[in-house]
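In: Just to be clear, the model below is a prediction. Sequence and coordinates:
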Amino acid sequence: MYNLAELEVELAGTIFAGKLHFSPVTRSTNTDAMVAARNGAAHGTVFFADEQTAGRGRSDHSWHSAAGEGLYVSIVLRLQLPMERMALLPLAVGLAAAEAVENVSGLKVDLRWPNDLLMGRRKAGGILVEASTQAGGTAFAVVGIGINVHQKAFDPALDTPATSLDIETGCSVSRQKLLVALLKSLEREAHALEAAASAQLIPSRVEDLSTWLRGRRVHVHGPQACTGVTSGLDENGFLQVDTHAGRVIVRTGGIRAAEME
C-alpha cells in the first residue's frame, strides 16, 4: 500500500503537492479525474488507486487492474496548449513514463506509437489521454497511466503479450518510488510541451526511444488502416507510414508489427 504522508514529502514543491487523491478501490482513475476536472479540479490534481474494477485504455479496451499489482494513476493537466500540439501530449507522457521506469528499475522502455510501453515484444504499460477542448486550445486534459508492476501471470489471449516490472527485473519494484518518479518526470515534460522550442524536440526524442517509428513494417488499425513501413513522426507527432499507394500521415489509431497480423 502507498504511504500518503511520504508521498506528500517527496512531492513537495511540485505541481502535485497537496493534490493527491488515493482510493483503495475505484472503477477508473481516469473517470474520477474527468469528473473532477469538469468540476474545476486544479492543474496537477492526481487520482490513483490500489485497484480498478473498470480500468480502461484507448478505444474502450479494458485494463486489468488487480489490487496491489500495478500503478494506476490519472492526472488533471491544464496546459497552455494550442490544438495543433495535442497529439504531442501522449508522446510527452510516454517520455515521462519511460524515464521513470528506467530510473526506478533500470529497465529500458520501447515506445510503440501512440501509447504503449513495451519491453521487447511484451507490453508493460499504456497511456490514455482524454481532453476537453475550447476555442483555440485545450481546456484540460486527463492523463491516465497504467504500468504492470507486481503481476506474475497474464491472460494468454491478449493481443500483445504482457509483462511486468517484477518479471523483467526478477525483484520487487516499489510502486511508491515509481509514482514519485513518474510525476516528477511528467511535470518536466509538461513544461517542455508548453515551451515552443522544447515541444519541437518531442517527436525526435520519442524516435530515439522507439524501435517502431522508422523502418518497421506495421499494420495500422483504425480509420486510416493500412500496411507499410514507418518513416518517423512529423512535427505534430503524427506517424508517417510509407505504403504502396504513397505516404500516409496517421493521425489516429494504433500499430502492430505486420508479421503478427
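Out: Cool, the structure landed. Numbers count the residues shown, from 1 in each chain.
In: which helices and strands does the lengthiest helix in the chain pack with?
Out: As far as residue count goes, and with DSSP state H defining each element, the longest helix of the chain is helix 175-194. Secondary structure elements in contact with helix 175-194, counted by 3 or more C-beta pairs under 8 Å, 6 or more residues apart in numbering; DSSP states H and E, are helix 4-10, strand 70-77, helix 88-105, strand 137-148, helix 196-199. Just so you know, the C-beta spots here come from the backbone N, C-alpha and C atoms, and that holds for glycine as well.
In: The same query, at a cut-off of 10 Å, please.
Out: Of the remaining helices and strands, those touching helix 175-194 by 3 or more C-beta pairs under 10 Å, 6 or more residues apart in numbering; DSSP states H and E are helix 4-10, strand 46-52, strand 70-77, helix 88-105, strand 137-148, helix 196-199, helix 202-209.
In: what angle sits between the last one and helix 175-194?
Out: By that I understand helix 202-209. Calculated by axes from the mean of the first three to the mean of the last three C-alpha atoms, to 10 degrees, helix 202-209 forms an angle of 140 degrees with helix 175-194.
In: how does this protein divide up, domain by domain?
Out: The record, using automatic domain parsing to delimit domains, assigns the chain the ranges 4-207, 212-260.
In: In three-state terms, label Leu81 for me.
Out: Here Leu81 takes the coil state, with states given by DSSP: H, G, I helix; E, B strand; the rest coil.
In: With adjacent residues omitted, what lies nearest to it?
Out: Closest residue in space to Leu81, ignoring its immediate chain neighbours: Thr138 at 4.8 Å, by C-beta to C-beta, 6 or more residues apart in numbering.
In: measure that neighbour to Leu88 for me?
Out: Counting by C-beta to C-beta, to the nearest Å, the separation of Thr138 from Leu88 is 11 Å.
In: if you count what's nearby, which of these two comes out ahead?
Out: Set Thr138 next to Leu88 and count neighbours by other C-beta atoms under 10 Å: Leu88 wins out with 23 against 19.
In: tell me the SS of the spatially closest residue to that one that is not a sequence neighbour?
Out: Here the nearest residue to Leu88 in space, its sequence neighbours aside, is Gly237; by C-beta to C-beta, 6+ apart that works out to 4.4 Å. Under the three-state scheme (three-state DSSP), the conformation of Gly237 reads as coil.
In: Next, count neighbours for Gly237.
Out: Burial measure for Gly237: 22 neighbouring residues, criterion other C-beta under 10 Å.
In: Would you agree it is in contact with Arg85?
Out: Yes: taking C-beta atoms under 10 Å as the contact criterion, Gly237 and Arg85 are neighbours in contact, 8.1 Å apart.
In: Would you reformat the domains of the chain as TSV and include mean pLDDT?
Out: Supplementary listing: the domains of the chain in TSV, determined by pLDDT from 0 to 100:
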stretch	mean pLDDT
domain 4-207	92
domain 212-260	94
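In: So which of these is the most surrounded?
Out: domain 4-207 (a mean of 19; mean count of other C-beta atoms under 10 Å).
In: First-to-last residue distance for that one?
Out: Between the start and the finish of domain 4-207 there is a gap of 36 Å, counting by C-alpha to C-alpha, to the nearest Å.
In: gap between that domain and the chain center?
Out: Centre-to-centre, domain 4-207 and its host chain are 5 Å apart (C-alpha atoms, centre = their mean, to the nearest Å).
In: Next: stretch 214-229.
Out: Relative to its chain's centre, stretch 214-229 lies at 20 Å (C-alpha atoms, centre = their mean).
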